[in-house]
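> fold the following and give me the result.
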Amino acid sequence: MPITPVPSTPYTGVIDTGSKRYQVAKAMLDQGKTVKSEAQEKYEEKLEELRALLRMLGKDTAIVDEMAKLYEGDEELAIRNIMGRLDEDGDIVNCYGVSGMDVTGKDPSTWRQIIDIPEAARQDMFDTTLREYIRDRGMGSGDTDRTAVFTRYQLSVKKSDRLMGTWTLEQYERCYNRAFYSIVKEANPDWQPGQKFDSSILDGVTREDVERRIVQTGVGSLSLTSGNAVNMKV
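From the prediction side, this is the model:
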């Protein structure tokens, strides 16, 4: 079942200025203030022109000041909006409600590592990959439930394992796809992804069949043995 992104909402709790969530949000807000966008500069120029015109006409410029405040916005509201996108540790929460998935500034070698994945999560990925492989005739499509599979896994493990675990689960997904390809190709040597094939060719193939042929080939990669072939007779 596809998973629907959940829009972030402002933080509604009591603001603790000593909390990590607040400190990160304040730093993000301050960083944004240091760089004025071209649009903001043009807006301020227009306001200044309007202010000068009102003064020349002897009119009150209070309305211009109010317009400037509307653009700048309320700082507490801005803080709450940012805090609503962070967890209690100050880590960004993605649109699926999962924190710990931001790789900004992180060395890929720190999370592109193979770790143990629960059997239930591997089975979830296997079933989804098999179903979509048959449906899409071996070709990827935008209509996929893989994001839901990853999200279910991420929410089931501690935050520190989410990046490495997601990377590992993706490695399993690739191996499953390669296994299905090798099985269909062995039955129909002339078959190419995107062409119809008899889905019964994949009847009876199990995750255990495929995983018996999966080996770790490096710190951060998994592959199938025997040239990515799966011997269903073993």
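
> contacts and neighbour counts: CA atoms only from here.
Noted.

> and this structure, what are its domains?
Using automatic domain parsing, the domain parsing of the chain gives 1-99, 108-228.

> most packed of the ones you listed?
domain 108-228 (a mean of 16; mean count of other C-alpha atoms under 10 Å).

> related to what we said a few turns ago, adding mean pLDDT, write the domains of the chain out as JSON lines.
Below are these laid out as JSON lines (pLDDT from 0 to 100):
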{"stretch": "domain 1-99", "mean pLDDT": "81"}
{"stretch": "domain 108-228", "mean pLDDT": "95"}
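
> helices along this structure, start to end?
Listed in chain order, the helices of the chain (DSSP state H) span 20-34, 38-56, 62-72, 75-83, 119-135, 146-156, 159-187, 207-211, 225-228.

> could you tell me the angle between the fourth one and helix 20-34?
When you say that, I think you mean helix 75-83. 120 degrees (axes from the mean of the first three to the mean of the last three C-alpha atoms, to 10 degrees).

> which residues touch helix 75-83?
9-12, 21-22, 25-26, 29 (C-alpha atoms under 8 Å, 6 or more residues apart in numbering).

> can you give the distance from it to the centre of its chain?
23 Å (C-alpha atoms, centre = their mean, to the nearest Å).

> dump it to CSV, keeping only the CA atoms.
Extracted C-alpha coordinates of helix 75-83, given in CSV (Å, rounded to 0.1, in the frame of the first residue of the first chain):
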residue,chain,number,x,y,z
GLU,A,75,10.2,35.1,14.5
GLU,A,76,8.5,32.8,17.0
LEU,A,77,6.2,31.5,14.3
ALA,A,78,9.2,30.9,12.1
ILE,A,79,11.0,29.1,14.9
ARG,A,80,7.9,26.9,15.5
ASN,A,81,7.6,26.1,11.8
ILE,A,82,11.2,24.9,11.7
MET,A,83,10.9,23.0,15.0
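
> against residue 165, how distant is the residue located most distally from the centre of the chain?
Within the chain, the residue lying farthest from the chain centre (C-alpha atoms, centre = their mean) is residue 58, at 55.3 Å. The gap separating residue 58 from residue 165 is 67 Å, by C-alpha to C-alpha, to the nearest Å.

> one step back: closest to residue 203 among the contacts of helix 75-83?
Residue 203 lies nearest to residue 9 out of these, by C-alpha to C-alpha, at 45.6 Å.

> residues touching that closest one, list them.
81, 84-85.

> contacting residues around residue 20?
Residue 20 sits in contact with 88-90, where contact means C-alpha under 8 Å, 6+ apart.

> return the subset of these lying in strands.
Among the contacts of residue 20, none falls in strands (DSSP state E).

> got the contact list for residue 184?
By C-alpha under 8 Å, 6+ apart, the neighbours of residue 184 are 191, 197, 201-202.
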